[in-house]
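Q: Dropping a prediction and its sequence here:
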Amino acid sequence: MQSEVFPYISVNLNIKKKEELVFPYTNYGFLYGYGLFETIRIQNQEPMLIQRHIARLKRGAIMLDIEFPCDETQIIQETQALIQHNRISEAILNIYLTAGNRSQVSQENKRQPSFLLMVIRPTMQHNSEKGITLSVRQESFQKIALDRLKTLSWVKNILELKLAQNCDDVLLYNQEGLVLESSKANVFLVKDNRIITPKAPSILQGITRQYLLDHQAKIGVKIEHRVFYKAELKSCDEIFLTNAVRGIILVDKVLEYSHLCSGKIARDIQREYQRLYNQN
């Protein structure tokens, strides 16, 4: 099912009807994937953890040498205006930042980055209790340090999921046996009541993952952020994933490890994460 874009969008901080958006034939983002994006869940008319998403977008813009066109306050105000124009409460906000038009990118004094905000309706109703089926496989397309950024060149993740069979997502490890992430999310493992999230140079710095790391004391857990090998999966007790749209993602089944799924610890963290977010 195709996601529905709501009627109003924002182009360079100007709200307009989506029909007015001109196809970006000369935009570096469309032509070469030279750009960044963020995906944010809107809950009760509030974009969740939007300040953290903006900060990550800024860091990525510095790495890719893309001028950042506005400040955090402007983006938050524009997002709230967009939510009001579209009269929505629950949705997904997509932010896109590209280097601009091809004719301007190489000219320092003429650079005009493109900044797009759009709100889409989720393809399915979010259900925090519904777990997913996960497969485990060595990555087919080697990840590099640049994959730590949410660039518009997202084809590796798309193809990894496309290659997956009989599952909702695929957990990837590299040729050295280091567990990385799934095609859609970061991963957490529970082993002997210890919670571990893998560490590697190519892993996306997920917003929800970092939120858990920053607030582990308030949630009541201790999380190890370390190198984690595939061989350790057989001795793990639980597994769960995290991303910005679903928050804590429960796992019902791992095809290659019949003993592994989300249990009490994962569900407790899910509950405490939502409680803590609601308090802030």
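A: Cool, got the structure. Everything numeric in this text was worked out from a predicted model, so none of it was measured.

Q: where does the stretch 1-150 of the chain have low pLDDT?
A: By pLDDT under 70, the low-scoring segments of the stretch 1-150 of the chain are 1-3, 104-111, 124-128.

Q: how about the helices in it?
A: Along the stretch 1-150 of the chain, the stretches classed as helices by DSSP state H, counting those that start in this stretch are 28-32, 50-64, 72-86, 102-105.

Q: try the stretch 151-280 of the chain
A: For the stretch 151-280 of the chain, the helices defined by DSSP H, counting those that start in this stretch cover 155-163, 207-214, 216-219, 264-279.

Q: could the ones you listed go into TSV alongside mean neighbour count and mean pLDDT?
A: Just so you know, the C-beta spots here come from the backbone N, C-alpha and C atoms, and that holds for glycine as well. Compiled in TSV, the helices of the stretch 151-280 of the chain are given as follows (neighbours: other C-beta atoms under 10 Å; pLDDT from 0 to 100):
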stretch	mean neighbour count	mean pLDDT
helix 155-163	15	95
helix 207-214	19	97
helix 216-219	14	93
helix 264-279	15	92
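
Q: Compare the helices of the stretch 1-150 of the chain and report which one is nearest to Glu224.
A: Set against Glu224 and scored by C-beta to C-beta, the helices of the stretch 1-150 of the chain come closest in helix 50-64, at 21.7 Å.

Q: before we move on, the earlier item: closest to Asn14 out of the helices of the stretch 1-150 of the chain?
A: Nearest of those to Asn14, taken as C-beta to C-beta: helix 72-86 at 8.9 Å.

Q: Now do Leu172: how many residues are near it, please.
A: The criterion is other C-beta atoms under 10 Å. On that basis, Leu172 has 27 neighbouring residues.

Q: list the contacts for the spatially closest residue to it that is not a sequence neighbour?
A: Distance criterion C-beta to C-beta, 6 or more residues apart in numbering; nearest residue to Leu172, sequence neighbours excluded, is Glu139 at 4.4 Å. Applying C-beta atoms under 8 Å, 6 or more residues apart in numbering, we find Glu139 in contact with Glu160, Leu172, Tyr173, Asn174, Leu180.

Q: The second one contacts Ser183, correct?
A: By that I understand Leu172. Yes: the pair Leu172 and Ser183 passes the contact test of C-beta atoms under 8 Å, sitting 7.2 Å apart.
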